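**Q** No letters, just coordinates:
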C-alpha cells in the first residue's frame, strides 16, 4: 500500500483508513481536505497518539503547548488526556497524516 496514492475525493468529513490494528496499537491514514475540529469539541483521548504529517500542511492546538504548525515530515506525540484540536488542514492538495494510537 502506498499511503500517498488512491486518495479519497474531498468530502465534508476526513477519511480514516486503518493500516494495522493489534492489541494496544492502531495505525491509520487520515486524509483531510480542509477539515478542522470544532472549537467546542476538542479530542480528549485515553491513549497516546503519535502523528506524522506526510503531505499538505496542518496546525493543531494542544492545551499544554498552544498552537503547533506541521509540514511534511513533522511528527508530534500527543499525550493521553491532553485536550487538542485540529485548527487548520490544507485542502488542495489534501493533507495526509499517519497516526499511531498507543493504548495501554
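**A** Structure received. Bear in mind that the values here come from a model prediction, so they are computed numbers and not experimental data.

**Q** Give me the most central residue, the chain.
**A** Note on the chain: the residue nearest the mean C-alpha position is residue 97, at 5.3 Å, using CA atoms, centre = their mean.

**Q** Surely it touches residue 57?
**A** No. At 11.2 Å, residue 97 and residue 57 do not qualify as touching, with contact defined as CB atoms under 8 Å. C-beta: built from backbone N, CA, C; applies to glycine.

**Q** which ones are touching the residue nearest to the centre of the chain?
**A** By CB atoms under 8 Å, 6 or more residues apart in numbering, the contact set of residue 97 is 29, 30, 31, 32, 51, 52, 53, 54, 58.

**Q** Return the closest of these with respect to residue 7.
**A** Distances from those to residue 7 were compared by CB to CB; the smallest belongs to residue 31, at 5.6 Å.

**Q** Next up, the contacts around that closest one.
**A** The neighbourhood of residue 31, defined by CB under 8 Å, 6+ apart, consists of 7, 8, 14, 15, 17, 94, 95, 96, 97.
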